[in-house]
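Enquirer: please find the sequence and the predicted model below.
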Amino acid sequence: MDKKLAKTIGEAARSARLRAQLTQADVAEMVDLVTEVYGRIERGGMVPSVPTLLRLCRALRISADELLGLAGPDGSLKLSEPPNEQGEKPEVRAVLRVLRQLDSGQIKLLGRLAVALKKE
């Protein structure tokens, strides 16, 4: 389970529920969940399934972007570029994917090879 995602969804759901002046039991009933399960979602203890996420959006009257932390309550997007690969060429991204799978000894060896190639 992605704990950061679970926490983000839980906080957004709780905030939307409170804005709508609903109880956890109200929302649980609206989305066809047991109250305890909905409580776990709000506390970040679980990530809801996609169908449940859709029902939550409808019940809480918020966008999936807001529930997933991609937008604020005002609808402003909070998207960011993928880390470390912004604007990189496809060939460089392919090399980075391979590098992430190597152990430290292999990376040191590859570093020496890269230095030798640079001298040529």
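Expert: Arrived safely.

Enquirer: which pLDDT value goes with Leu54?
Expert: In the predicted model, Leu54 carries a pLDDT score of 97.

Enquirer: domains of this structure?
Expert: Taking automatic domain parsing as the reference, the chain has its domains at 3-67, 90-119.

Enquirer: ok, of these, where does mean pLDDT dip lowest?
Expert: Comparing mean pLDDT across the domains of the chain, the weakest is domain 90-119, with a mean of 88.

Enquirer: got the end-to-end distance for it?
Expert: Start and end residues of domain 90-119 are separated by 24 Å (CA to CA, to the nearest Å).

Enquirer: can you check stretch 56-70 too?
Expert: First-to-last residue span, stretch 56-70, CA to CA: 16 Å.

Enquirer: likewise stretch 46-64?
Expert: Across stretch 46-64, first to last residue, CA to CA, it's 17 Å.

Enquirer: go on, stretch 22-39?
Expert: Terminal residues of stretch 22-39 lie 13 Å apart, using CA to CA.

Enquirer: burial count for the spatially closest residue to Asp2 that is not a sequence neighbour?
Expert: Spatial nearest neighbour of Asp2, excluding adjacent residues (CB to CB, 6 or more residues apart in numbering): Val47 at 6.5 Å. C-beta coordinates here come from the backbone N, C-alpha and C atoms, glycine included. Neighbours of Val47 under the rule other CB atoms under 10 Å: 18.

Enquirer: measure Val47 to Asp74 for me?
Expert: From Val47 across to Asp74, the span is 24 Å (CB to CB, to the nearest Å).

Enquirer: with Leu96 instead?
Expert: For Leu96 relative to Asp74 (CB to CB), the value is 36 Å.

Enquirer: between the two, which has more neighbouring residues?
Expert: Neighbours per residue (other CB under 10 Å) separate Leu96 from Asp74, with Leu96 holding more: 12 against 6.

Enquirer: my read: that one touches Pro90, true?
Expert: No. In this structure, Leu96 is not within contact of Pro90 by CB atoms under 8 Å, at 10.6 Å.
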